[in-house]
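Colleague: what's the 3D shape of this:
(one chain, ligands or ions: 1)
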Amino acid sequence: MEKTSEMLIGLQVYAYDVNDEGADAVVNAALEIGANVIFVAISYLDHITTTKKGRAPVLQHNPHRQSHGIEAYVHTTSDRYPPGLVPPVADDSSLDGDVAYESLKQAAQPYGIRVVPWILFLSQRVAENAPETQVVNAAGDFVKGWLCPSRPDTIQFVQGLVEDTIERHHPPVIFIDGVRFPEPVPHSLIDFCSCFCDACYEKAKARGIDLGIARSSLISYVEALKNNPGAFAEEAMVSLSSGFRMLRKMATQNAILEWLRFRHSIIERLIAAIKQTADGRTELWLDVWPPSYGWLLGQDLSLLAHHAQLARPFTYHRIGGGADIPGLIGSVSPDHDIQQALYRLYKSFFNFPGPSTFKEFLERGLDPEFITVESVLTKEMLAGHSKILAGLQIWQVGKDGVYSALEHAFMAEPHGVILHCFGWATSEEISAAGQWFKDRGIV
Ligand SMILES: [Zn+2]
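Modeller: So this is what the prediction gives:
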């Protein structure tokens, strides 16, 4: 474990938390926890964090609302952006990311707490209405709301956001999120199979890669799963039954491996462009998916580690590591036996620690050991080039769940932790986090 003085303890909030509860209330929660960094989402976030049906997060101590779509807006200098990709400005003061950032900075400053802006890039609202810049899936359809990271106009848009943020706030760090390809849910499996736009085809061709071969294979996998999910699961389980079988299978899938590596290189290139804009003026910290998922979505941490000082996978064990696996399995088949077979395949594929039945998984998600396993894998992939922060779910877990999440995070000896979604955590869960750090003499 690192020395107490060097450990980073972060609390993550949204603009509406700051607006509705007040910057002082947020800072008081940070003080109760012993947090020395507050991360505030200041750009557009149109997602609702995925969760199991019936367990949608509720704002626990917000005096004005029970739930909210997660959005915030920053004010931008429009001539920095390419046509069609000019971010909209806030039309609701409660979602003003700039105001939230500055008021929090002022309230936190007397306590030596740093405030870090969190910016989402490729899946912002601006991507909803920019079809010619959107990712194209294997079926040839645009993936609504997701910008293709290969395209020069996307790179200009991303660099513009970084430039605007630095100019406006002079932050010590920018926490960058949404730099990857789309996940299967809330999109679809075919949307995960991307990008096959002209820019990507051309880039791949220049490297001697024919994306058309991978595209055909991906379509046939998606069709096989759709047409007979039970047989698909059974056959895939045979492939996973031994290291040799898996190796033999993958040796026949060179086009898929090339496609995955191509995606890694595209994401690395975009993060390198962000670094170029930020270099010497602010640090970059990476908001990444747990590496087992992230590697499939274009985030190869062994490449990205060279471009950032810190990386934080969100290891939310209670909701399947942040991915809506129940939603994905449910979308394939309503049949309980098939759902169980697909869950078994999912668990075997990733070797995740979790309950043996899909029913139990729906009730309690993965085991907290997931946090340790994915944090250790993150460290292994970062290989010392950048440090790791464990990203923890402290809502819908109760006091014991907070203790357990922290215990399992610290088994991986991270540089620190970020406790996510202040507004969804109860006062008891926030206090529990503070108590855990106090009990161990960390704060
Ligand atoms: Zn593309």
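
Colleague: Around the ion, which positions in the stretch 51-200 of the chain sit nearby?
Modeller: Contact residues (C-beta under 5 Å from the ion) of the stretch 51-200 of the chain with the ion: C148, S150, C195, C197, C200. All C-beta atoms are positioned from the backbone trio N, CA, C, and that covers glycine.

Colleague: Relative to G22, how far out is the first one?
Modeller: If I follow you right, that is C148. 40 Å (C-beta to C-beta, to the nearest Å).

Colleague: next one: I113
Modeller: I113 is 15 Å from G22, by C-beta to C-beta.

Colleague: residue ranges with poor pLDDT in the stretch 1-150 of the chain?
Modeller: The stretch 1-150 of the chain contains residues with pLDDT under 70 at 1-5, 45-55, 70.

Colleague: hey, where'd the strands end up in it?
Modeller: 8-14, 37-41, 114-120, 134-136, 142-147 (DSSP state E, counting those that start in this stretch).

Colleague: Give me the residues contacting the last one.
Modeller: Spelled out, it's strand 142-147. 46, 85, 121-128, 130-131, 133-137, 154, 157, 181-182, 187, 191, 194-195 (C-beta atoms under 8 Å, 6 or more residues apart in numbering).

Colleague: Tell me which entries of the residues you listed lie within helices.
Modeller: Per DSSP state H, helices hold the following members of these: T154, F157, D191.

Colleague: Please tell me how far the residue lying closest to the first one once chain neighbours are set aside sits from D198.
Modeller: Of all residues beyond its chain neighbours, the one nearest T154 is L147 (4.5 Å), with distances taken as C-beta to C-beta, 6 or more residues apart in numbering. When C-beta to C-beta is the yardstick, L147 and D198 sit 15 Å from each other.

Colleague: Neighbour count for those two, which is higher?
Modeller: Taking neighbours as other C-beta atoms under 10 Å, L147 and D198 compare with L147 leading, 26 against 12.

Colleague: ok, so what distance separates the more buried one from L345?
Modeller: 31 Å.

Colleague: again with K203
Modeller: Distance from K203 to L345, by C-beta to C-beta: 32 Å.

Colleague: swap in E128?
Modeller: Taken as C-beta to C-beta, the span from E128 to L345 is 33 Å.

Colleague: more crowded one of those two?
Modeller: Higher neighbour count among E128 and L345: L345, with 20 against 14, using other C-beta under 10 Å.

Colleague: Please name the residues that touch that one.
Modeller: A233, A236, M237, L240.

Colleague: What is the most widely separated pair among these?
Modeller: A233 and L240 (10.4 Å; C-beta to C-beta).

Colleague: Mind checking which of those two has more residues around it?
Modeller: A233 (23 against 15).

Colleague: N36 and I113 touch, don't they?
Modeller: Yes - taking contacts as C-beta atoms under 8 Å, N36 lies within contact range of I113: 5.8 Å.

Colleague: Identify the residue nearest S302 in space, chain neighbours excluded?
Modeller: For S302, the spatially nearest residue (C-beta to C-beta, 6+ apart) is M381, at 4.8 Å.

Colleague: so that neighbour sits right up against Q299, yeah?
Modeller: No - look at M381 against Q299 with C-beta under 8 Å: they stay out of range, at 9.5 Å.

Colleague: Common neighbours of the two, please.
Modeller: Contacts common to M381 and Q299, judged by C-beta under 8 Å, 6+ apart, are P291.

Colleague: Counting neighbours, what do you get for F350?
Modeller: 19.

Colleague: just to revisit the earlier point, now that we have the residues of the stretch 51-200 of the chain next to the ion, which one has the most neighbours?
Modeller: Neighbour-wise, those (other C-beta under 10 Å) top out at C195, 30 neighbours.

Colleague: mind checking the longest helix of this structure?
Modeller: Per DSSP H, the chain has its longest helix at helix 254-278.

Colleague: So for this structure, the centremost residue is which one?
Modeller: Taking C-alpha atoms, centre = their mean, the centroid of the chain lies closest to W289, which sits 4.3 Å from it.

Colleague: Am I right that that residue is in contact with L301?
Modeller: No - contact criterion C-beta under 8 Å: W289 and L301 do not qualify, at 9.9 Å.

Colleague: Can you give me every residue that contacts the residue nearest to S302?
Modeller: Counted by C-beta under 8 Å, 6+ apart, M381 has contacts P291, D300, L301, S302, A305.

Colleague: The last one and the ion, how far apart?
Modeller: Okay, so that is A305. 24 Å (C-beta to the ion, to the nearest Å).

Colleague: Can you check what pLDDT the model gives that residue?
Modeller: Among the per-residue scores, A305 shows a pLDDT of 96.

Colleague: gap between it and V288?
Modeller: 10 Å.

Colleague: These two: which has the busier surroundings?
Modeller: V288 (28 against 21).

Colleague: ok, the more buried one touching Q299?
Modeller: Yes - under the criterion of C-beta under 8 Å, V288 makes contact with Q299 at 5.1 Å.

Colleague: Identify the contacts common to those two.
Modeller: R180.

Colleague: Among the contacts of M381, which ones are in helices?
Modeller: Using DSSP H, the contacts of M381 in helices are P291, L301, S302.

Colleague: and the second one, what does it touch?
Modeller: Spelled out, it's L301. Residues in contact with L301, defined by C-beta under 8 Å, 6+ apart, are V288, P291, G294, W295, A311, T378, M381, L382.

Colleague: Next: Q156.
Modeller: R80, Y81, P82, L85.

Colleague: Can you tell me which of these are buried?
Modeller: The neighbour-count test (16 or more other C-beta atoms under 10 Å) marks R80, Y81, P82, L85 as buried among these.

Colleague: how close does the last one sit to the ion?
Modeller: It refers to L85. 15 Å.

Colleague: Not counting sequence-adjacent ones, nearest residue to that residue?
Modeller: Per C-beta to C-beta, 6+ apart, closest to L85 is F157, 4.3 Å.

Colleague: Isn't that neighbour up against P82?
Modeller: Yes - under the criterion of C-beta under 8 Å, F157 makes contact with P82 at 6.2 Å.

Colleague: For the residue of the stretch 301-443 of the chain found nearest the ion, give me its contacts.
Modeller: Residue of the stretch 301-443 of the chain nearest the ion, by C-beta to the ion: L303 (18.5 Å). L303 makes contact with H264, S265, E268 under the criterion C-beta under 8 Å, 6+ apart.
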